[in-house]
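K.L.:
sequence first, then the predicted structure:
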Amino acid sequence: VEERNLFSVAYKNTVGSRRSCWRILNTEQRKAMQKHSDLDKIPLLERYKEDIEIELTELCYEVLDVLDDHLLPYARTSESKVFYYKLKGDYFRYLSEVKKNPGQRKEAAEGALDGYREASELGSRTLAPTDPIRLGLALNFAVFYHEILESPERLTKISLPFTLWSLEPTLFHK
C-alpha cells in the first residue's frame with residue numbers, strides 16, 4: 001500500500017504542477033483574446049502551452065505504461081486493482097483536458113471512461129461504499145463526467161448514492 005501511494009503521489013505532484021501551469025496559461029490566453037488586448041502575447045502563450053502539453057503527455061503515457069505493464073498485471077487485491085484502474089482513468093482524463101485535436105481528445109476521454117468504468121465495476125462488487133478508494137473513484141469519475149463529457153445528468157447518477165449515504169448511512173448497512 002505504501003509503495004502504491006508513493007508512486008501515486010510522486011506522479012501526481014509532477015503532473016499536477018504542469019496541469020496547473022497549463023490552466024493558467026489557457027486562462028490568460030482566453031482573456032487576451034476576449035479583450036483584444038495584448039494580442040502579441042497570444043502566440044507566446046500558445047507556445048508555452050504546447051511545451052507543457054508535450055511534457056504532460058509524456059508523463060501521462062509514462063504512468064499509463066507503468067500501470068499497464070508493471071502494476072495492473074501483478075495487482076493481487078481488488079483494492080489495488082481499483083486504485084490502479086482509477087489512476088488509469090485519471091491520467092487519461094489529464095490528457096483529454098489538454099488535447100486540442102478532437103480525435104486525440106476523444107481517444108483520451110475513451111481511455112479515461114474505460115479506466116473509471118473498470119474501477120467502478122470492480123469497486124462496487126468488492127469494496128465497501130465507505131472505502132476511501134471507492135469514494136475517491138466516485139469523485140474523480142464525477143469530475144470526468146462534468147469537465148470532460150459535460151454530462152451533468154450522468155454526474156447525478158454517480159454522486160447520488162454517495163450523497164444518500166452521507167445523509168443516511170443506515171440505508172447502506174444490512
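P.N.:
Right, received. Where do you want to start?
K.L.:
going by C-alpha atoms from here, please, whenever you check contacts or count neighbours.
P.N.:
Fine.
K.L.:
and the host helix or strand of residue 16, what's its mean pLDDT?
P.N.:
Applying DSSP states H and E as the criterion places residue 16 in helix 2-35. Model confidence over helix 2-35, given as mean pLDDT, is 92.
K.L.:
can you give me the buried ones in that helix?
P.N.:
Within helix 2-35, the residues that qualify as buried are 12, 15, 18, 19, 22, 25, 26, 29, 32, counting by 16 or more other Cα atoms under 10 Å.
K.L.:
now do the SS call for the residue lying closest to the last one once chain neighbours are set aside.
P.N.:
It stands for residue 32. Distances taken as Cα to Cα, 6 or more residues apart in numbering put residue 38 closest to residue 32, at 5.8 Å, once the chain neighbours are dropped. Classification of residue 38 using DSSP: H, G, I helix; E, B strand; the rest coil returns coil.
K.L.:
equivalent analysis for residue 130, please.
P.N.:
coil.
K.L.:
any idea how far residue 54 is from it?
P.N.:
When distance is defined by Cα to Cα, to the nearest Å, residue 130 is 37 Å away from residue 54.
K.L.:
so residue 141 makes contact with residue 116?
P.N.:
Yes: in this structure, residue 141 is within contact of residue 116 by Cα atoms under 8 Å, at 6.2 Å.
K.L.:
in terms of neighbours, single out the busier of those two.
P.N.:
residue 116 (29 against 26; other Cα atoms under 10 Å).
K.L.:
which element is that one on?
P.N.:
helix 102-126.
K.L.:
pLDDT weak spots in the protein?
P.N.:
Residue ranges of the chain with pLDDT under 70: 152-174.
K.L.:
run the last query once more with 50
P.N.:
Across the chain, residues meeting the criterion (pLDDT under 50) sit at 164-165, 167, 169-174.
K.L.:
show me the residue at the heart of it, geometrically.
P.N.:
residue 90 (2.5 Å; Cα atoms, centre = their mean).
K.L.:
excluding chain neighbours, what is closest to that residue?
P.N.:
With sequence-adjacent residues excluded and distances taken as Cα to Cα, 6+ apart, residue 90 is closest to residue 112, at 6.4 Å.
K.L.:
what sits against that neighbour?
P.N.:
Each residue near residue 112 by Cα atoms under 8 Å, 6 or more residues apart in numbering is listed here: 88, 89, 90, 91, 92, 93, 144.
K.L.:
the fourth one: neighbour count?
P.N.:
Residue 91 has 28 neighbouring residues, counting by other Cα under 10 Å.
K.L.:
centre of the chain to stretch 16-23, how far?
P.N.:
13 Å (Cα atoms, centre = their mean, to the nearest Å).
K.L.:
okay, it in PDB with CA atoms only?
P.N.:
Taking C-alpha atoms only, stretch 16-23 is exported to PDB below (Å, rounded to 0.1, in the frame of the first residue of the first chain):
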ATOM      1  CA  GLY A  16      -0.300  18.500 -11.100                       C
ATOM      2  CA  SER A  17       2.200  21.400 -11.400                       C
ATOM      3  CA  ARG A  18       2.100  21.100 -15.200                       C
ATOM      4  CA  ARG A  19      -1.700  20.900 -15.300                       C
ATOM      5  CA  SER A  20      -1.900  24.000 -13.100                       C
ATOM      6  CA  CYS A  21       0.500  25.900 -15.300                       C
ATOM      7  CA  TRP A  22      -1.400  24.900 -18.400                       C
ATOM      8  CA  ARG A  23      -4.700  26.100 -16.900                       C
END
